[in-house]
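Peer 1: what follows is a predicted protein model with its sequence.
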Amino acid sequence: MELVIQNLSKTYPNGTKALKNINLTIPKGMFGLLGPNGAGKSSLMRTIATLQEADTGSIMLGDLDVLRQKEEMRKVLGYLPQEFGVYPKVSAEEMLDHFAVLKGISNPKERKEVVAALLQQTNLYDVRKKNLGGYSGGMKQRFGIAQALLGNPQLIIVDEPTAGLDPAERNRFHNLLSEIGENVIVILSTHIVEDVTDLCRNFAIINKGEVLLTGDPLEVINNLNGRIWRKFIHKSELAAHQAQYDVISSRLFAGKTIIHVLSDVQPGVEFEPVNADLEDVYFSRIFEATKGERHEPAEVIMN
Ligand SMILES: Nc1ncnc2c1ncn2[C@@H]1O[C@H](COP(=O)(O)OP(=O)(O)OP(=O)(O)O)[C@@H](O)[C@H]1O
């Protein structure tokens, strides 16, 4: 089963073109949707999740026409939205039981088993009686995944799930996602490049409502190898370098600034070649797409 998105466009009433003719084919497994703030990721996720209408285009999940067969789609969809609110004074077990009722699991015995199994899977069983208000950010996100898994969905959407998690919780969340991603389609929408490198066999970069690139992370990294160069500079030299070279990103390292430059040949003697990573792919694509309208190179934020 694949999710096939064709010619999908959306303009909000205020004139913002959030999605511009999106075409994507998303196979089984973990799929990363990468883009900066405002790229259109949430708009795309909400449209796939039948929470908002598109202006034009189609989305097919196998034979299911997502934009027309909304009820059917909701039965096979698990969704962890960006803002996932919980009732603070309710325990995880009670809340999940309530969600299970909403998902149509009406038999109490079956529901009890399903809820217990999901709490085990997300490693929350021991804290199932605790009120959700007392959960850490990571525990809340794992609870969000537990509710998204109710009813054995074929497509799971997780929107910015690791923002704000500490490294240990992020790791736990990654392991959970990769287990799930073995059997169904999981779309992971994020601006954290590392999450995609670690988890996804396929990914797409979107910016300003357009797909800039789609493929296998390892292949696209290979395609960039030999074209990324780095140089240590003083921060005050940044503007001059930007004017002279295609500086795709800059970051601070031990008090110095490291720039990454995109070039088919060695840009100068002080530049050394670096093995490209997905961050270089991401920044070079965004760089090429925004050439001419940018004043600052991307500043790498280490997560
Ligand atoms: N309901 C809305 N009405 C008008 N404009 C909107 C609405 N929702 C989003 N936008 C705009 O559409 C564009 C895409 O937003 P969207 O939230 O889909 O991006 P995003 O990639 O998810 O960003 P972020 O990571 O910041 O959530 C942005 O310019 C945003 O301001």
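Peer 2: Received, thanks. Numbering: from 1, shown residues only.
Peer 1: which helix or which strand is home to the residue nearest the centre of the chain?
Peer 2: Central residue of the chain (Cα atoms, centre = their mean): Ser189, 1.9 Å from the mean position. For Ser189, the element it lies in under DSSP states H and E is strand 185-190.
Peer 1: quick one: name whatever helix or strand follows that strand.
Peer 2: Where DSSP H and E defines the elements, the next helix or strand beyond strand 185-190 is helix 193-199.
Peer 1: for this protein, what lies in contact range of the ligand?
Peer 2: Residues of the chain lying close to the ligand by Cβ under 6 Å from any ligand atom are 12, 14, 16, 18, 35, 37-43, 191. No exception for glycine: its C-beta is placed from N, CA and C like everyone else's.
Peer 1: let's see it at 8 Å
Peer 2: Proximity of the chain to the ligand, by Cβ under 8 Å from any ligand atom, involves residues 12-14, 16, 18-19, 35-46, 82, 159-160, 189, 191, 206, 209.
Peer 1: filter the residues you listed to the buried ones?
Peer 2: Among the residues of the chain next to the ligand, those buried by neighbour count (16 or more other Cβ atoms under 10 Å) are 18-19, 35, 39-46, 159-160, 189, 191, 206, 209.
Peer 1: what sits opposite Thr56 in the beta ladder?
Peer 2: With DSSP bridges as the criterion, Thr56 is bridged to Ser9.
Peer 1: report the contact partners of the residue of the chain positioned farthest from its centre.
Peer 2: Outermost residue of the chain with respect to the C-alpha centroid, by Cα atoms, centre = their mean, is Val269; its distance is 37.8 Å. If a contact means Cβ atoms under 8 Å, 6 or more residues apart in numbering, then Val269 has no contacts.
Peer 1: picking up where we left off before, in helices, which of the buried ones among the residues of the chain next to the ligand appear?
Peer 2: With DSSP state H as the criterion, helices contain Lys41, Ser42, Ser43, Leu44, Met45, Arg46 from among these.
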